[in-house]
Every structure is written in C-alpha cells, then in structure tokens.
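*Asks:* Could you look at this predicted model? Sequence included:
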Amino acid sequence: MDHGLTAPAHLSFRRYGEGAPPHVHAFDQIVLPRRGVLEMEIDGRGGRVDPGRAAIVGPGVRHAFAASGENLFVVADIGQALMTPFERLRERPFAPVTGAVRGLLDFLAGEAAGPIDNGVAMLWTPLLLRGLNAAPPRLDPRLSRALAMIETRYAEPLTVADLAAEAGMSQSRFFAAFGAAMGRTPHGWLADVRLRAAQHLLSDTRFSIAQIAVRTGHGDQSALTRRMQAVLGVTPGAWRKQRL
C-alpha cells in the first residue's frame, strides 16, 4: 500500500511481522538495521537487511518483506529532490552498512516504533545518502556472517577467534578486514550491540537490571552500569526511569 510523502524526507523506527503483500511506493525508501533481520524481495531479487546491509527501494519498484522475532529498523522515505544526486544507489537494492552509516544510526535516539523528528530527518538523511553513496559495492559475505553472529549471539562470551572462525578467516586478517569495512573493532561493535540490547530491555519491567546485564552479555550489573555511564552518561536505573 502506498502513502503520501509531503516532506522532502520522513524518518521512522518500524517493527515488522511475518510478512506483507508485495507493494510499491511513489518515492525512494531506504531500510536500515537497528535490531534483528528483515528478509526482503526487491524487484524479484532476494536479500536481507541485517547488521551489515541496508535495502534501497526505488519509486515504483515492487517489493515485499518479512521478519520474525524481536526487530526494529530505521526507515527513510525520501523525496525526488533529495534523491536526484544519488540515483545510482537504486542500481543495487542491498548496500553495505559501513562504519560511517553505522555512526549515523547510532546518533538516532529511541527504541520504540514511531516517527523521528522532522528536523532530524532533514539534517540526517542527506548525510545517510552521502554515506551510502561512498560505500563499496558490496560487503564481504564473510564479514556479514560474523556480523550476523554478533547480532544473534551477543549474550555469549564471543571472542575475535569465534568471529574469525565464523567468517572463515585468520584472526589477524579478520581483525584488519573488519576494521577497514566497519570503522570499528569487532569488540567495539559487539559492545555497541550489547548496549543497544540493554537499552531496549530496560523498558521492560519484567526484568531486573541484574537480569538484563546477564541477558545482554555484560556479565553483571556493575559492568552494565560502567558501560552505560561511560557511553551515555547515565545509570541503567536512571535510563529506566526516563522511559517508564
């Protein structure tokens, strides 16, 4: 189903379910990973939005999608005026999420489905388009496997050796390739995924902070507290109170 786009760009956090019938938009749409995996078919080509990949859907292009489990994605609906200098992005429906694009995603605050402030959208979206336009044509599928492992098994005590084995690379080669492609070390990326997972769970009062620390791979409550204070300048308890 199509819907109108009245602003040059519109941003939102969205969750997806088991599937949606094929449909088209009258504008460009970019779907970016926040949490989980979204299987997509774009103009007959299958792929997925996951920690290492975004999807680019051009106007009038038929597409469908499905997701299972807990998920959250950033969706950018983009008008023609903003998209014109970057139309070549339409040539590759699945683009790599590099370190520059991940930095933009990390800038967006929020863990609940809903629209993102229009002022943020107007500043953020051109930077996104520039970041995607400068990205290499494709992400090494070996790195994609390691990224997917982080996304699904972040609660486990993953090491660089584990991730390199998943990628089928030596540790030194994996470490260098990961840093060059993602702009972060594997450990730094894992730490960010764990922190985002903790932020999400802190909105769920069924779990104590100690339980959340264990569920997100931080080990114990003190480790989670140190991490949140260092990165966000707030304790887990204060973060929870702000969102209840």
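*Replies:* Noted; the coordinates are in hand. Numbers count the residues shown, from 1 in each chain.

*Asks:* alpha carbons only for contacts and neighbour counts from here, please
*Replies:* Noted.

*Asks:* Quick check: beta-bridge partners of the most centrally placed residue in the chain?
*Replies:* Computing the C-alpha centroid of the chain and ranking residues by C-alpha atoms, centre = their mean puts Pro33 first, at 2.4 Å. Judged by DSSP bridges, the bridge partners of Pro33 are Phe73.

*Asks:* now it: how far from Gly219?
*Replies:* Distance of Pro33 to Gly219, computed by C-alpha to C-alpha, to the nearest Å: 25 Å.

*Asks:* Also Leu163?
*Replies:* Summarising the geometry, the distance separating Leu163 from Gly219, computed by C-alpha to C-alpha, is 19 Å.

*Asks:* can you tell me how far Leu132 sits from Arg145?
*Replies:* Between Leu132 and Arg145 the distance, using C-alpha to C-alpha, works out to 20 Å.

*Asks:* Kindly report the same for Val61.
*Replies:* Here the distance between Val61 and Arg145 works out to 28 Å (C-alpha to C-alpha).

*Asks:* same thing with Leu139?
*Replies:* Going from Leu139 to Arg145 by C-alpha to C-alpha gives 10 Å.

*Asks:* now swap in Ala223 and tell me
*Replies:* Looking at Ala223 against Arg145, where the rule is C-alpha to C-alpha, the gap reads 28 Å.

*Asks:* Compare these two (neighbour count), which wins?
*Replies:* Using other C-alpha atoms under 10 Å, the more surrounded residue of Ala223 and Arg145 is Arg145, with 19 against 14.

*Asks:* mind listing the helices for the chain?
*Replies:* Counting by DSSP state H, the chain has helices at residues 80-83, 99-107, 118-133, 141-153, 160-167, 171-182, 186-201, 209-215, 221-232, 236-243.

*Asks:* Quick check: which of the ones you listed is nearest to Val24?
*Replies:* Closest of the helices of the chain to Val24 is helix 80-83, at 15.4 Å (criterion: C-alpha to C-alpha).

*Asks:* Give me the residues contacting that closest one.
*Replies:* The contact list for helix 80-83, computed with C-alpha atoms under 8 Å, 6 or more residues apart in numbering, reads 8-9, 27-28, 126, 129.

*Asks:* circling back to that earlier point, more neighbours: Leu163 and Gly219, which one.
*Replies:* In terms of neighbours (other C-alpha under 10 Å), Leu163 is the more surrounded of Leu163 and Gly219; the figures are 25 against 17.

*Asks:* Could you double-check that the more buried one sits in contact with Met149?
*Replies:* Yes - Leu163 sits in contact with Met149 when judged by C-alpha atoms under 8 Å, with a separation of 7.4 Å.
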